[in-house]
Structures are given as structure tokens and as C-alpha cells.
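**Q** Fold the following, please.
(one chain, ligands or ions: 1)
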Amino acid sequence: MGLQQKHAFSRRQFCFCCMTGATFATAGAWLAPREAYAEARGLVTLIKDSAASSPVTLYKLRGNVTVLEGSGGNIAVLPGPEGKLLVDAGISASRPQITKALSELSVEPITNLINTHWHFDHASGNDWMHSAGAKIIAHENTRKHLSEIQRVEDWDYNFLPSPAGAIPSEVISGNRTLKLNGASIELKPYKPAHTDGDLSVTFGEADILHAGDTYWNGIYPFIDYSTGGSIDGMISASDVNLAAATNNTIIIPGHGNPVSNKAELKDFRDMLVDIRDRVAALKKAGRTQQETVAAKPTVAHDAKWGQFVIDPAFFTKLVYEGV
Ligand SMILES: [Zn+2]
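**A** Alright, predicted model coming up:
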């Protein structure tokens, strides 16, 4: 394992979404795409192994809401007499650490699980959480993607259908409010952004917004064009998130430091807009993808956002795909 890769695996934000970026980082330069993809496929096993041994950390927020970090995407938890509600299920290999962290909060079982979208690092824990008693709620497109063979072109990877227990039993296509443990929990589908099945989850009384992978705090995001994501969709979702938040709102990103706020979210949105505009201008001027990457349109942002596994070159490529 190279230095860069070791770094990626030791970082708390490590996630499945980032495989190709990790591969580029490992190569340190320019692997031919086919070589990079071949290596990426081998990383699936490494990611599972990594999740199996990574610690899961608890951050108590307010209104009895806690966030767990360390198993793929950030997981929000609301315990209470009606059982625990979880937002996202993490990577299945970290079941022992998640179980231990949850038992530190309270004794109740998981009764409700909401998936913010279908990706492995947010939904591969579905099966065990369902077997432990959870009803799974998601966007109808998330159920579709979890039910079928799903190809992600940017990873050159085919995901197999999930086992029956992992498939959401309740789907939503519009806004829905749940009442649980004395809290109002609002589920809202985004228009296609990171995928075509993204949901936000708001804990009303606590004023906490879980934005799923429409928001990556302090790091360049992955965008899944294979299932409907796009750079413009990510920007629109950021505007929706900003409109839903006040300066007091705690915002939980899909990845990155799990306790965030409106000012940091605004920085993320402004970064996306600036890079989108720069990449679009280069593409319009006739530059190829490779020439656009070589022109370094992200350079003003790289010190802050490019230090994780979606590196500047890979993020430029993702933006180029959508402009
Ligand atoms: Zn994702």
C-alpha cells in the first residue's frame, strides 16, 4: 500500500464513493483509465477490510440526535422509546463498531432506517439493520438501484442486486414527515444531484439537516452520473440546502467533518459554481477532457478541497462530464 493510499485509508472520511480518486492518488500521476479501473476493482476488498477495522466515533449534537462517523457516510441517530431511527447504514463490515456505538446511546433496537441514496457506503448495512428490526425507507429510485444490477461507469464497476432484506420496504416520491420519539423528521427528495434518489432528512425541533452526499464538507465530492447525478444538480441541491438552513442549523454532510453549518455549506456551493464555470468555459473553447485537466481549473481551490481522495484531476473530469 503506497503512502497516499495509506493516508486515504486512515482518514476518517474514507468512503466507497472515492475509489477512483484513491486510485489516482495512489498512482500519483496518470494511470491509463483501464489500469486505474482494474486497480479500483481490487479496492472493494480493501474498503471492506478498512471499514472492518476503522473506529466509529460518536458526536452528540442536540435534541437527542447523535452522528456516527467512521463507516462510510456519516450516520445520524435518534434514539428513544419507539426505537432508534438511523439516517444511513454505513458499510456492513463495520457492524460490530456501529452496534457498540449504538448500545452506548441506549438499549432500544433500530426500528427505522432512512437511506439518503443507494451507494454502498450508505446502504450496505441495510441487510443487517433490517435483520435487527429496522424498516427501511428511501426514495423510489434508491429502491430501484438497490434491486437491480447497477453499473457505475466512473468506477467501471457493476454492483449486484442487494439481498431481499436490504431493499427499502417503504418508498417516497414526495415530502413526508415522520413523528418518532417526540420528534418531527422531515424527508425531502432532491431533484437529481449526487444521484437521482437523494433525500434530505431534517430533525425539526433540533434544527439539524442531514444533506446526504449532496454536501461534502471541505472535500471535493463524487458525482454519480451513472444514476442521474450532475454538477448542475449538485449546485441546485446546495441552493436548496442553503435555503433550508439558518445560521443556527447544524448540517450533517455525507462525508467530511460531520458537524457543519451554513457558512461552510455556502463555501462548498461557491466552490462548485466557480469550478463549473471555469470547466464549462474550457470545454466551450474546444478543450478535450485531458486538456481541461491539464489547464488546472480547480487550482485556486485545491489547497482547501483537494486534499482527499477525489483529487483535483478526478473532480475536474467529473465536472467536465456534466457541462
Ligand atoms: Zn454517495
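
**Q** any idea which strand is longest in this protein?
**A** Longest strand of the chain, by residue count under DSSP state E: strand 183-189.

**Q** Parallel or antiparallel, list what pairs with it.
**A** strand 176-180 (antiparallel), strand 199-203 (antiparallel) (DSSP bridges).

**Q** Please put the alpha-carbon coordinates of it into CSV.
**A** In CSV, the C-alpha atoms belonging to strand 183-189 read as follows (Å, rounded to 0.1, in the frame of the first residue of the first chain):
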residue,chain,number,x,y,z
ALA,A,183,-39.5,14.5,17.1
SER,A,184,-40.7,15.6,13.7
ILE,A,185,-38.5,14.1,11.0
GLU,A,186,-39.0,15.5,7.5
LEU,A,187,-37.9,13.6,4.4
LYS,A,188,-37.5,15.6,1.2
PRO,A,189,-36.4,14.2,-2.2
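
**Q** quick one, phi/psi of the closest residue to residue 218 other than its chain neighbours?
**A** Nearest non-adjacent residue to residue 218, counting by CB to CB, 6 or more residues apart in numbering: residue 256, 4.8 Å away. C-betas here are computed from N, CA, C, even on glycine. Main-chain torsions, residue 256, degrees, to the nearest 10: phi 90, psi 170.

**Q** Can you classify the one residue in the stretch 151-300 of the chain that gets nearest to the ion by secondary structure?
**A** Relative to the ion, the nearest point of the stretch 151-300 of the chain is residue 213 (3.7 Å; CB to the ion). When classified by DSSP: H, G, I helix; E, B strand; the rest coil, residue 213 comes out as helix.

**Q** Check residue 317 too.
**A** helix.

**Q** Likewise for residue 275?
**A** Strictly by three-state DSSP, residue 275 counts as helix.

**Q** Could you report the neighbour count for it?
**A** 23 (other CB atoms under 10 Å).

**Q** isn't residue 75 right next to residue 98, touching?
**A** Yes: if you go by CB atoms under 8 Å, residue 75 and residue 98 touch, sitting 7.3 Å apart.

**Q** quick check, stretch 57-75 touching the ion?
**A** No: using CB under 5 Å from the ion, stretch 57-75 never reaches the ion; the gap is at least 6.7 Å.

**Q** in that stretch, what's buried?
**A** Neighbour-count burial for stretch 57-75 flags 59, 61, 64-75 (criterion: 16 or more other CB atoms under 10 Å).

**Q** Next, work out how far apart the residue lying closest to residue 280 once chain neighbours are set aside and residue 177 are.
**A** Spatial nearest neighbour of residue 280, chain neighbours left out: residue 323 (4.0 Å); criterion: CB to CB, 6+ apart. Separation of residue 323 from residue 177 (CB to CB, to the nearest Å) stands at 36 Å.

**Q** between these two, who's got more neighbours?
**A** residue 323 (18 against 11).

**Q** show me what contacts that one?
**A** 231, 276, 279, 280, 283 (CB atoms under 8 Å, 6 or more residues apart in numbering).

**Q** With residue 71 instead?
**A** Contacts of residue 71 by CB under 8 Å, 6+ apart are 51, 54, 56, 90, 91, 94, 97, 98, 121, 125.

**Q** ok, what's across the strand from the residue nearest to residue 218?
**A** Counting by DSSP bridges, the residues bridging with residue 256 are residue 217.

**Q** Local confidence estimate at it?
**A** At residue 256, the model reports a pLDDT of 94.

**Q** what do you get for the one 4 residues further on?
**A** The confidence metric pLDDT takes the value 98 at residue 260.

**Q** With residue 158 instead?
**A** Predicted confidence (pLDDT) for residue 158: 84.

**Q** One more: the one 10 residues further on?
**A** Looking at residue 168, its pLDDT reads 98.

**Q** Repeat that for residue 41.
**A** Taking residue 41 on its own, its pLDDT is 52.

**Q** you'd agree residue 209 is up against residue 242?
**A** No: judged on CB under 8 Å, residue 209 makes no contact with residue 242 at a distance of 10.4 Å.

**Q** Between these two, which has more neighbouring residues?
**A** A count of neighbours by other CB under 10 Å puts residue 209 above the other of residue 209 and residue 242, at 25 against 15.

**Q** Is the more buried one within a helix or a strand, and which one?
**A** Assigned by DSSP states H and E, residue 209 belongs to strand 208-210.

**Q** quick one: low-confidence parts of the stretch 1-150 of the chain?
**A** 1-48 (pLDDT under 70).

**Q** can you pull out the strands in it?
**A** 57-60, 66-69, 75-78, 84-87, 110-114, 135-139, 150-152 (DSSP state E, counting those that start in this stretch).

**Q** Quick one: closest of these to residue 197.
**A** strand 135-139 (3.9 Å; CB to CB).

**Q** angle of that closest one against strand 110-114?
**A** Strand 135-139 runs at 10 degrees relative to strand 110-114, counting by axes from the mean of the first three to the mean of the last three CA atoms, to 10 degrees.

**Q** Quick check: buried residues in strand 135-139?
**A** In strand 135-139, counting by 16+ other CB under 10 Å, buried: 135, 136, 137, 138, 139.
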